[in-house]
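J.: predicted model and sequence below, questions to follow.
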Amino acid sequence: MTQTIVEETATASPYRFVVEGSILLLQFSMGLSFLAVAPLFPLIIKAFGVDNATVSLLVGVSSLAVALALVPASILAARLGSRAALILGGVLMGLTALSMFADSFPLLLGTRISFAIGAAIILSATPAVLLRWFSTKELAVVNGANVIAQSLGVTASMLLAPRLAGPLGWDGALSFFGAIALAATALWLVLGRDTSAAASTSGFSMDDVPAVLGNRVVVLLAIGLAGALGAFISLQSWLPTFYNQQWGYTLEEAGAVSGLLSLFGILGALLGSSLPVRFPQRRPFLVVGGLGIPLFAVGAIAMDTPFLLYPSIFLLGIAGWIFMPVVFTIPMEIPGINASRVGMAVAVVLGAGNAAGFVVPLMVGYLRDVTGSFILGLAIALAMAPALAICAWLMPETGPVRGASTRRGATAVVDQRGA
């Protein structure tokens, strides 16, 4: 391959904003369905007669399916092309619109697995689109916008799902969110477009696999994200039920308070996308997230007093999202990266995070059934979050402060030896 990183990101067409707008809607619909089941857990438990550990599979299996599907999805996206891959991913996500026809728990679980596979394809295909359409200076901001769109979707689902469950039923609410994913996919079908650079670059090669899996930054980022996401997804999954069962909140109240995590996470994502432009380093944002999540979660699960609970939720939401734009940006800045490898790099990192997002919430639900309390499970989950700060300390900085000259040298090597 003779295509360089600079050439792949050189496109400056105004149409890139149309492309990004379409991607934003796909990201929003992803967030809308990802945790929509969480505030509905009590209703689903009643409908199917399952226990807490079983119902947590609706989030946990989604995370596991994303984790398992991300790397194959990155290969598929490289072979299909980004435009087609995003269409396929959107359709699979939209199959949650069939939730109203799921008359058994396994069928409902099947719609969640379909959603997860679609989300994995979209997460794997999006980085290559961004790398081709946007300059390196714009990537942090664009990644931040996509994370904010996901956060808005999660927030909206937490606030709307319990309210829609009244007139539509819990299954109708899930189907409504799935229909929005199908609408976003239809818009991408009309507006989505690839650059000429996509046609001139070679596709995925098996040589890319060891290059990505053996990269120190990718490995450390994957381990760190697993700790942080395992903790934060557990909180997002179980706080509505915790507030309902432990503190006696109504489902609407519990969903509203828990939804504030994602609402305040929007501010965290804004900080995580805007501050790196002025403070061009990546590792400090990982440290803030890794240390902030367990610190501020104490108030969210131990302080049933508004003047302590809401500040804790505010700070926890920021800590839980501030590092996500950086997580998407770091793989795009690794020396020697290109459009065929960046999708796999992101897939490996997010795969580890989503694997933890399966195991840890399931563990919390199991310990709730065994002990009668959420405290032990949540404490174990939160103890994993500092892994993100530790891994950030161990990894090299990829931001412009350190990485500009390194990336130029790596690009020259890519030109001479091929990627």
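T.: Looks like it arrived, so ask away.
J.: quick check: phi and psi on Asn354?
T.: For Asn354, the backbone dihedrals (degrees, to the nearest 10) come out as phi -80, psi -30.
J.: thinking it is in contact with Val61, fair?
T.: No: with contacts defined as CB atoms under 8 Å, Asn354 does not count as touching Val61, sitting 10.6 Å away. Yep, even glycine has a C-beta here, placed from its N, CA and C like the rest.
J.: the two: which is more packed in?
T.: Asn354 (29 against 17; other CB atoms under 10 Å).
J.: list the helices and strands the strand or helix carrying Ser157 packs on?
T.: In this assignment (DSSP states H and E), Ser157 forms part of helix 136-191. Packed against helix 136-191, as judged by 3 or more CB pairs under 8 Å, 6 or more residues apart in numbering; DSSP states H and E, are the following elements: helix 15-34, helix 41-48, helix 82-94, helix 105-133, helix 251-278, helix 324-333.
J.: now for the first one, which elements pack on it?
T.: So that's helix 15-34. Helix 15-34 packs on helix 82-94, helix 105-133, helix 136-191, going by 3+ CB pairs under 8 Å, 6+ apart.
J.: now that helix and helix 136-191, what's the angle there?
T.: Here helix 15-34 runs at 80 degrees with respect to helix 136-191, directions being taken by axes from the mean of the first three to the mean of the last three CA atoms, to 10 degrees.
J.: tell me the mean pLDDT over helix 15-34?
T.: The pLDDT scores in helix 15-34 average 92.
J.: centre of the chain to the helix holding Ser157, how far?
T.: Centre-to-centre, helix 136-191 and its host chain are 13 Å apart (CA atoms, centre = their mean, to the nearest Å).
J.: what angle separates that helix from helix 324-333?
T.: Using the same axes, to 10 degrees: helix 136-191 against helix 324-333 is 100 degrees.
J.: output stretch 239-249 as CSV, nothing but the C-alphas.
T.: Extracted C-alpha coordinates of stretch 239-249, given in CSV (Å, rounded to 0.1, in the frame of the first residue of the first chain):
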residue,chain,number,x,y,z
LEU,A,239,-28.8,2.2,39.3
PRO,A,240,-32.5,2.5,38.2
THR,A,241,-33.3,-0.9,39.8
PHE,A,242,-31.2,0.0,42.8
TYR,A,243,-33.1,3.3,43.4
ASN,A,244,-36.4,1.5,42.9
GLN,A,245,-35.7,-1.5,45.1
GLN,A,246,-33.4,-0.1,47.7
TRP,A,247,-34.6,3.5,48.1
GLY,A,248,-38.2,3.1,47.1
TYR,A,249,-38.2,5.4,44.0
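J.: chain center to it: distance?
T.: Taking mean C-alpha positions (CA atoms, centre = their mean), stretch 239-249 and its chain are 25 Å apart.
J.: give me the contact list for it.
T.: Residues from elsewhere that reach stretch 239-249, judged by CB atoms under 8 Å, 6 or more residues apart in numbering: 38-39, 41-42, 52, 158, 250-251, 253-255, 257-258, 261, 300-301, 304, 373-374, 378.
J.: what's the closest of the helices and strands packed on helix 136-191 to Val190?
T.: The closest of the helices and strands packed on helix 136-191 to Val190 is helix 15-34. By CB to CB, the value is 8.4 Å.
J.: quick check: buried residues in that closest one?
T.: 16, 19-20, 22-34 (16 or more other CB atoms under 10 Å).
J.: then stretch 309-316?
T.: 309-310, 312-316.
J.: tell me which of those residues fall in helices.
T.: Mapping the buried residues of stretch 309-316 onto helices (DSSP state H) picks out 309-310, 312-316.
J.: spatially, which two of those residues are the most separated?
T.: Most distant of these, by CB to CB, are Leu309 and Leu315, 11.3 Å apart.
J.: who touches both of the two?
T.: Gly299.
J.: rewinding a little: relative to helix 41-48, how tilted is the helix holding Ser157?
T.: Using the same axes, to 10 degrees: helix 136-191 against helix 41-48 is 40 degrees.
J.: and the angle from helix 136-191 to helix 105-133?
T.: Comparing the axes of helix 136-191 and helix 105-133 via the same axes, to 10 degrees yields an angle of 120 degrees.
J.: distance from the chain centre to the helix or strand containing Thr241, please.
T.: Per DSSP H and E: Thr241 is located in helix 216-245. Distance of helix 216-245 from the chain centroid (CA atoms, centre = their mean) equals 11 Å.
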